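>>> Structure for the following, please:
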Amino acid sequence: MIDFHESWGFDSLNNFYAPIIFSSRQWIKFEMKFFQMFRQACNIIFAHKEIIVTPYLERNWLLYNNKIEDKQYDWIQNDYKEYIVLLEEARIENPIPQWNNQYRGGIITNFIEFEIQGKIAVKGLPLLFFNNGDRFVTITDYLTIMIKFKDKYILERAKAKLLKIGLVLYKDKPVISSDEQ
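Have a look, this model is predicted:
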């Protein structure tokens with residue numbers, strides 16, 4: 001676990017104790033570039049059309065973050081409201097309390113739904129994206145992607161395709177980033 005004061009991800013927003021301080025405008029620009037890069041690789045990373053998403057086992061679907069309630073972070077509200085509406089429409093989360101108030105997984109059918117959920121994942125709600133049982137993806141609040149593959153054959157095929165479109169894979173780490181040199 002990374003200590004809050006050593007963080008350079010989402011926790012660095014307006015955090016004068018962090019080694020790198022980001023403004024909300026800077027974060028939004030980073031986030032936009034991140035999802036543009038991800039859009040290029042989406043068909044490779046998610047080779048099968050049906051994606052199952054679930055929060056980490058110890059979490060639920062809601063984002064518990066002091067920044068959500070802070071007026072200084074009003075810019076997060078639109079993304080969060082869009083995310084909640086998506087969950088309610090899919091009947092994963094219900095605004096009215098009920099006995100079975102949450103499902104552990106939902107199905108994503110297009111990139112827009114993925115991006116809505118990904119924008120919340122980069123703001124501190126860890127989500128797992130499963131694709132056909134042969135890979136899963138985690139998007140972190142450091143604007144990175146961690147991909148785990150079922151076996152080396154699937155990994156090597158995906159890696160070759162990602163390199164072909166110009167994305168860089170960091171050796172021994174399943175994290176991708178765009179090469180902007």
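>>> the helices in this structure, which residues?
Ranges of helices within the chain are 24-45, 66-69, 77-89, 111-121, 152-164, based on DSSP state H.
>>> and those, which is most packed in?
helix 111-121 (a mean of 20; mean count of other CB atoms under 10 Å). (Glycine included, C-beta is placed from N, CA and C.)
>>> what helices or strands is that helix leaning on?
helix 24-45, strand 51-55, helix 77-89, strand 127-131, strand 135-139 (3 or more CB pairs under 8 Å, 6 or more residues apart in numbering; DSSP states H and E).
>>> TSV please, covering these and showing distance to Asn110 and mean pLDDT.
Listed next are the helices and strands packed on helix 111-121 as TSV, based on distance: least, CB to CB, whole Å; pLDDT from 0 to 100:
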stretch	distance to Asn110	mean pLDDT
helix 24-45	10	87
strand 51-55	9	88
helix 77-89	11	88
strand 127-131	13	90
strand 135-139	16	89
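>>> what's the closest of these to Leu13?
Proximity to Leu13 (CB to CB) singles out helix 24-45 among these, at 5.7 Å.
>>> got the angle for the closest one vs helix 152-164?
120 degrees (axes from the mean of the first three to the mean of the last three CA atoms, to 10 degrees).
>>> got the angle for helix 24-45 vs strand 51-55?
Using the same axes, to 10 degrees: helix 24-45 against strand 51-55 is 140 degrees.
>>> In TSV: the helices and strands packed on helix 111-121, plus distance to Leu62.
Shown next, in TSV, are the helices and strands packed on helix 111-121 (distance: least, CB to CB, whole Å):
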stretch	distance to Leu62
helix 24-45	20
strand 51-55	9
helix 77-89	8
strand 127-131	12
strand 135-139	17
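>>> out of these, nearest to Gly166?
helix 24-45 (8.0 Å).
>>> and that closest one with strand 135-139, angle?
Using the same axes, to 10 degrees, helix 24-45 lies at 170 degrees relative to strand 135-139.
>>> What helices and strands are in contact with helix 24-45?
helix 111-121, strand 145-149, helix 152-164, strand 167-169, strand 176-178.
>>> Out of the helices and strands packed on helix 111-121, which is closest to Leu167?
Closest among the helices and strands packed on helix 111-121, using CB to CB: helix 24-45, at 5.6 Å.
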